[in-house]
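Visitor: fold the following.
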Amino acid sequence: MDDVQKRIELGETDTPVEDELSAAFETIVSEGAQRLHRTWREVLSTGLAGGLEVATGVLALFAVLAETGSHLLAGLAFSIGFIALLLARSELFTEGFLVPVTAVVAGRAGWQQLGKLWGGTMVANLVGGWIFTWLIVRAFPQLRATAIESATAFVDAPLDLRAVCLAVLAGSTLTLMTRMQHGTESDPAKIVAAVAGGFLLAGLSLFHSILDSLIIFSALHSGAPFGYADWLGWFWYTTLLNMAGGLLVVTFLRLLRSKELIEKERATVREQH
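Guide: Numbering: from 1, shown residues only. Presented below is the predicted three-dimensional model:
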């Protein structure tokens, strides 16, 4: 009876964590290792596709914003981009703050591979988004004024406490969305998480390095009264603060919660080598 009672208390695993957390950890580590061992061709092509798919959400955002003037409704429309990203299995730079990092900490890959994934994905996201936003403003010239107005709010924003908070919130929100999607095997639940993430990021105009860069690119293609230097002046600090929000606010707490699982995984890796 004592063994039966102990098994009931521990669940299916022998580690002092919930079964659901253990299963999610195994999924995250396995997926993270696969992503980190991609070739350059795979990293760049997946990131390029990710930029194109998120840009479909930008198109939906502009269309709804131009018709309704509501940022909240436009945020819901933007979630089309995150749904496409989810179902097409593409890659967004800011999605790399939980899954690949966990795989590295668990000993399944190295930091150099993480840098390759981050750098290649970010550049490919921006290139893919730049191309697709050029198509948007050529196909829908009536959206150019909306694009310029939306982008101006970002490039004209001073680097103050408000901007810092908006960028940190964006990073933590997207990383939390990723965590929610890896906490379930239900595709409808994953889509709900994508809609929630898109609504918060775009509907509340949080400072997100990739999403908002595509909005700014749309404005630049439309003849905006600012240039690429202004975009870079906004992009550098937004990227760093997105990373801080994703890594410190969400990923660190998740790693702390999974400490025993990480130690067990690292020990397994050492035995295999």
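Visitor: show me the shaky parts of this structure.
Guide: 1-19 (pLDDT under 70).
Visitor: rerun that using 90 as the cut-off
Guide: Flagging of the chain using pLDDT under 90 yields the residue ranges 1-33, 88-91, 94-99, 102, 105-109, 178-185, 248-273.
Visitor: show me where it has its helices.
Guide: Ranges of helices in the chain, per DSSP state H, are 2-10, 19-36, 40-68, 71-88, 99-105, 111-139, 144-155, 161-182, 187-203, 209-221, 228-244, 252-257, 259-272.
Visitor: mean neighbour count added to these, as TSV?
Guide: For the C-beta atoms, the positions are set from N, CA and C on the backbone; glycine is no exception. Below are the helices of the chain laid out as TSV (neighbours: other CB atoms under 10 Å):
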stretch	mean neighbour count
helix 2-10	9
helix 19-36	18
helix 40-68	21
helix 71-88	21
helix 99-105	23
helix 111-139	19
helix 144-155	20
helix 161-182	21
helix 187-203	19
helix 209-221	26
helix 228-244	18
helix 252-257	14
helix 259-272	14
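Visitor: Ile148 - nearest residue in space that isn't next to it in sequence?
Guide: Excluding its sequence neighbours, the residue lying closest to Ile148 (CB to CB, 6 or more residues apart in numbering) is Ala219, at 4.5 Å.
Visitor: now Arg266: how far from Val104?
Guide: Distance check for Arg266 against Val104: by CB to CB, to the nearest Å, it reads 11 Å.
Visitor: do the same with Lys264
Guide: Where Val104 is concerned, Lys264 sits at a distance of 16 Å (CB to CB).
Visitor: could you do Leu159 as well?
Guide: The value you get for Leu159 to Val104, if CB to CB is used, is 30 Å.
Visitor: what do you get for Val137?
Guide: Going from Val137 to Val104 by CB to CB gives 39 Å.
Visitor: again with Glu271
Guide: Distance of Glu271 to Val104, given as CB to CB: 19 Å.
Visitor: could I get the phi/psi values of Leu98?
Guide: Dihedral pair for Leu98: phi -120, psi -60, per degrees, to the nearest 10.
Visitor: return the residues in contact with it.
Guide: 28, 175, 178-179, 182, 246, 250-251, 254 (CB atoms under 8 Å, 6 or more residues apart in numbering).
Visitor: now Gly107
Guide: By CB under 8 Å, 6+ apart, the contact set of Gly107 is 265-266, 269-270.
Visitor: got the contacts of Leu98 as a markdown table, with distance to Arg41 columns?
Guide: Compiled in a markdown table, those are given as follows (distance: CB to CB, whole Å):
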| residue | distance to Arg41 |
| --- | --- |
| Ile28 | 24 |
| Thr175 | 27 |
| Thr178 | 24 |
| Arg179 | 29 |
| His182 | 25 |
| Gly246 | 26 |
| Val250 | 30 |
| Thr251 | 27 |
| Arg254 | 30 |
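Visitor: ok, these vs Glu20, which is closest?
Guide: Distance to Glu20 across the contacts of Leu98 (CB to CB) is lowest for His182, with 11.0 Å.
Visitor: tell me the spacing between that closest one and Val192.
Guide: From His182 to Val192 the distance is 14 Å (CB to CB).
Visitor: equivalent analysis for Glu31, please.
Guide: 20 Å.
Visitor: again with Gly50
Guide: Distance of Gly50 to Val192, given as CB to CB: 20 Å.
Visitor: repeat that for Val155.
Guide: 32 Å.
Visitor: residue contacts, Ala196?
Guide: 79, 177, 180.
Visitor: I'd say the first one and Gly203 touch.
Guide: No: contact between Ser79 and Gly203 fails when scored by CB atoms under 8 Å: they sit 9.1 Å apart.
Visitor: for the closest residue in space to Lys190 that isn't next to it in sequence, what are its contacts?
Guide: Excluding the flanking residues, the one nearest Lys190 by CB to CB, 6+ apart is Gln181, at 4.5 Å. Taking CB under 8 Å, 6+ apart as the contact definition, Gln181 lies against 86, 189-190, 193-194.
Visitor: how about 10 Å then?
Guide: The contact partners of Gln181, taken as CB atoms under 10 Å, 6 or more residues apart in numbering, are 82, 86, 95, 98-99, 187, 189-194, 197.
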